[in-house]
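Novice: Have a look at this fold, sequence not included:
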């Protein structure tokens, strides 16, 4: 997709409410038909300008002094606008409005991408979340970044190209890490919120799983596997159970999307690539809970632990992503650190903003 002219972008009000707008990004058709991704942006309320009396003083008595923010620099201290691009996880979509508002309040432009066949981009003729190759999302990400840079330039009037910081969660973290490895120089930093970098258990289990999955993926890639339902994490997040957040039942179902052979092979191949070590040029921040608790039924423990990935294995894998990698651990965080209880996520917000401001690009 080529970058659109600013006037051609048809942003629509988004379901997240005031300040949020979404834009459909058309992509190349696939074997299921028409495909799109959806870009969401947060536009903070415009602060009031200086009162008239101060404007008058500025134009007379204090004319040599510059009013803050008029030196062509962004609030993040850089001449280049700073942008955060968020990628969601498996059977997921962008819903973290509080995160977007916090980032926007600290001088950064916030966008989020619902990948093809997820969330806002899921169409009724499509297999939810399905792909046989994680690199297919290169098209989604490229289209999003093209539009973001056009949009930020139009909104700020700055000629300098935006610095994009990717913030990616769970499966999105795996997709983002592989993308960053293939696209050196494209990101200011990569922030991974509980990235799914290895199959739960070990690489040995992954290798066994790959041998079992491979022949099915070749002959019947859309064949679903039957696994026990594990709604415990959903219950920890959803405001219909024990959590704080509204989850759309079609876009983030209680029992996840069906796990299919072709998709499983693609994810296992991604894990294998991470095990072989990546060479991500940008600084990488990995944010994790301090412990894992994976179980089928909900319990209070799932409110203070990661119920999806092995955080110790992930911390070890993180050190092979690039030469500049930091791992931050958050006691009592759940799988999505930014959906954890308030005091945990507020600490994560502060760390995120500090990280972004220390790497302005």
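Specialist: Sure thing, it's come through. Predicted model only: the values in this text are computed from it and were never measured.
Novice: Tell me the span between the first and last residue of stretch 133-140.
Specialist: 13 Å (CA to CA, to the nearest Å).
Novice: That should have said stretch 97-116, apologies.
Specialist: 20 Å.
Novice: List the buried residues for it?
Specialist: In terms of neighbour count (16 or more other CB atoms under 10 Å), stretch 97-116 has its buried residues at 97-104, 106-116. Heads up, the C-betas are built off the backbone N, CA and C, glycines and all.
Novice: What of stretch 345-361?
Specialist: For stretch 345-361, by 16+ other CB under 10 Å, it's 345, 347-349, 351-353, 355-357, 359-361.
Novice: all strands for the stretch 201-350 of the chain, in order.
Specialist: 224-225, 259-260, 284-289, 325-330 (DSSP state E, counting those that start in this stretch).
Novice: helices and strands around the third one, which ones?
Specialist: The criterion is 3 or more CB pairs under 8 Å, 6 or more residues apart in numbering; DSSP states H and E, and the helices and strands that strand 284-289 contacts are strand 189-193, helix 311-318, strand 325-330, helix 342-358.
Novice: rerun at 6 Å
Specialist: strand 189-193, helix 311-318, strand 325-330 (3 or more CB pairs under 6 Å, 6 or more residues apart in numbering; DSSP states H and E).
Novice: could you show me where the helices are in the chain, in order?
Specialist: 52-59, 97-105, 137-156, 171-182, 203-219, 232-237, 261-275, 311-318, 342-358 (DSSP state H).
Novice: Nearest to residue 165 among these would be which one?
Specialist: helix 342-358 (5.8 Å; CB to CB).
Novice: List the contacts of that closest one.
Specialist: 76, 102, 106, 165, 285, 328, 330, 332-333, 337-338 (CB atoms under 6 Å, 6 or more residues apart in numbering).
Novice: hmm, back to that, quick check: which of the strands of the stretch 201-350 of the chain is nearest to residue 120?
Specialist: strand 259-260 (21.6 Å).
Novice: May I have the strands that pair with that closest one, each with its orientation?
Specialist: Counting by DSSP bridges, the strands paired with strand 259-260 are strand 224-225 (antiparallel).
Novice: picking up where we left off before, minimum distance to residue 150: which of the strands of the stretch 201-350 of the chain has it?
Specialist: strand 284-289 (26.9 Å).
Novice: That closest one to strand 189-193, inter-axis angle?
Specialist: Computed by axes from the mean of the first three to the mean of the last three CA atoms, to 10 degrees, the angle separating strand 284-289 from strand 189-193 equals 10 degrees.
Novice: what angle do strand 284-289 and strand 325-330 make?
Specialist: Using the same axes, to 10 degrees: strand 284-289 against strand 325-330 is 20 degrees.
Novice: Just give me how far strand 284-289 sits from the chain centre.
Specialist: A distance of 13 Å separates the centroid of the chain from that of strand 284-289, by CA atoms, centre = their mean, to the nearest Å.
Novice: tell me the contacts of the closest residue in space to residue 327 that isn't next to it in sequence?
Specialist: Sequence neighbours aside, residue 286 is the residue nearest to residue 327 in space, at 4.7 Å (criterion: CB to CB, 6 or more residues apart in numbering). Residues near residue 286 by CB under 6 Å, 6+ apart: 192, 318, 327.
Novice: Not counting sequence-adjacent ones, nearest residue to the second one?
Specialist: Once flanking residues are discounted, residue 318 sits nearest to residue 286: 4.2 Å by CB to CB, 6+ apart.
Novice: For that neighbour, list each beta-bridge partner.
Specialist: Beta-bridge pairing for residue 286 (DSSP bridges): residue 192, residue 327.
Novice: Quick one, grab the pLDDT at residue 68.
Specialist: Residue 68 carries a pLDDT score of 38 in this model.
Novice: Right, I'll leave it there.
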